[in-house]
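Participant: Compute the structure for the input listed below.
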Amino acid sequence: MPTAAVQRGEERRPAQQVAAKRSAERAALPVAVRRLLVVGALVLAAVLVVAGGIVASGFSTAPAQTTTATVQSGQSLWDVAVATGAGDVNEVMAQIVDLNGLTSSTLQPGQTLIVPAG
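Facilitator: This next block holds a predicted model:
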């Protein structure tokens, strides 16, 4: 009496069954490998986003033209930035710090600073 598989036309020879199973095993990656690939892709994407941010931050708004200013007695970094006539005083202060390699906001009378030309 034929089996239900034979009646449905699903009978396979043992060699075909083994070959199909091996082929399926080769095609499907284990769950651990798939997870590792997904995590690796996410880490790569995060690294690329961070690297893009670092590169973009390196292109700061450096002034097109500069001039020099001599610090007067009692003058602060804010005062020097305001004296340039630029709109965003905080940005100008940051540019002055960058242009002159300042490590603090303390200025000395007579100190010559490179400042953005207003």
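Participant: Confirm that residue 74 sits in a strand.
Facilitator: No: Residue 74 is assigned coil when assessed by DSSP: H, G, I helix; E, B strand; the rest coil, not a strand.
Participant: That one: what's its closest spatial neighbour, skipping adjacent residues?
Facilitator: residue 109 (7.9 Å; Cβ to Cβ, 6 or more residues apart in numbering). C-betas here are computed from N, CA, C, even on glycine.
Participant: element containing the most centrally placed residue in the chain, please.
Facilitator: Closest to where the C-alpha atoms of the chain average out (Cα atoms, centre = their mean) is residue 50, at 1.9 Å. In the assignment (DSSP states H and E), residue 50 maps to helix 31-58.
Participant: Tell me which other helices or strands that helix touches.
Facilitator: Packed against helix 31-58, as judged by 3 or more Cβ pairs under 8 Å, 6 or more residues apart in numbering; DSSP states H and E, are no other helices or strands.
Participant: C-terminal to it, what's the next element?
Facilitator: strand 66-70.
Participant: And residue 114, how close does it get to residue 79?
Facilitator: 16 Å (Cβ to Cβ, to the nearest Å).
Participant: before we move on, what about residue 90?
Facilitator: 14 Å.
Participant: Please say which of those two ends up with more neighbours.
Facilitator: Taking neighbours as other Cβ atoms under 10 Å, residue 90 and residue 79 compare with residue 79 leading, 14 against 9.
Participant: For the one helix or strand the more buried one maps to, what is the distance to the chain centroid?
Facilitator: Taking DSSP H and E as the criterion, residue 79 maps to helix 77-83. The chain centroid and the centroid of helix 77-83 are separated by 33 Å under Cα atoms, centre = their mean, to the nearest Å.
Participant: got any ranges where this structure has weak pLDDT?
Facilitator: Judged by pLDDT under 70, the chain has its weakly predicted residues at 1-13, 20, 22-27, 58-63.
Participant: and the next element down the chain from the host helix or strand of residue 91?
Facilitator: Residue 91 is part of helix 89-100 when elements are defined by DSSP H and E. Next helix or strand after helix 89-100 toward the C-terminus (DSSP H and E): strand 112-116.
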